[in-house]
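1. Coordinates for the following, if possible.
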Amino acid sequence: MSPFFLLQLVGPAVALHVGETLAAAFPDRFAVSPKLRALVAAGKTAVYRPDLTIDESVAALLVKR
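-> As a prediction, the model looks like this:
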């Protein structure tokens, strides 16, 4: 299972919460992804569309800057 498919199952907000919890408990081992924060801040609830293509607005948020 790809990380993005798992993200699709739990949702970005849940993934962010888990990441923040792990980073708070084990800061030397875990970090919170700024791009995941951007997904949640943008109100995105999924990476893929129902036809399993990547949502272009999500792809734009994930572009390396």
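2. So which elements touch the top helix by length along the chain?
-> Assignment by DSSP state H gives helix 12-25 as the longest helix of the chain. Counting contacts by 3 or more Cβ pairs under 8 Å, 6 or more residues apart in numbering; DSSP states H and E, helix 12-25 is packed against helix 34-41. All C-beta spots, glycine's among them, are computed from the backbone N, C-alpha and C.
3. and the helix it packs on, C-alpha only, in CSV?
-> Output of helix 34-41 as CSV, limited to C-alpha atoms (Å, rounded to 0.1, in the frame of the first residue of the first chain):
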residue,chain,number,x,y,z
PRO,A,34,5.0,21.0,6.1
LYS,A,35,3.2,19.8,3.0
LEU,A,36,0.8,17.7,5.0
ARG,A,37,0.1,20.8,7.1
ALA,A,38,-0.6,22.7,3.8
LEU,A,39,-3.1,20.0,2.7
VAL,A,40,-5.0,20.3,6.0
ALA,A,41,-4.9,24.1,6.0
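4. residues in contact with Ala23?
-> Phe30, Ala31, Val32 (Cβ atoms under 8 Å, 6 or more residues apart in numbering).
5. Leaving out the residues flanking it, which one is nearest to it?
-> Leaving aside its sequence neighbours, Ala23 sits nearest to Phe30 (Cβ to Cβ, 6 or more residues apart in numbering; 4.5 Å).
6. Check Ala38 too.
-> Leaving aside its sequence neighbours, Ala38 sits nearest to Leu61 (Cβ to Cβ, 6+ apart; 5.0 Å).
7. For the one helix or strand in the chain whose mean pLDDT sits lowest, buried residues please.
-> Lowest on mean pLDDT, DSSP states H and E among the helices and strands of the chain sits helix 3-10, with a mean of 83. Using 16 or more other Cβ atoms under 10 Å as the burial criterion, the residues of helix 3-10 that qualify are Leu7, Gln8.
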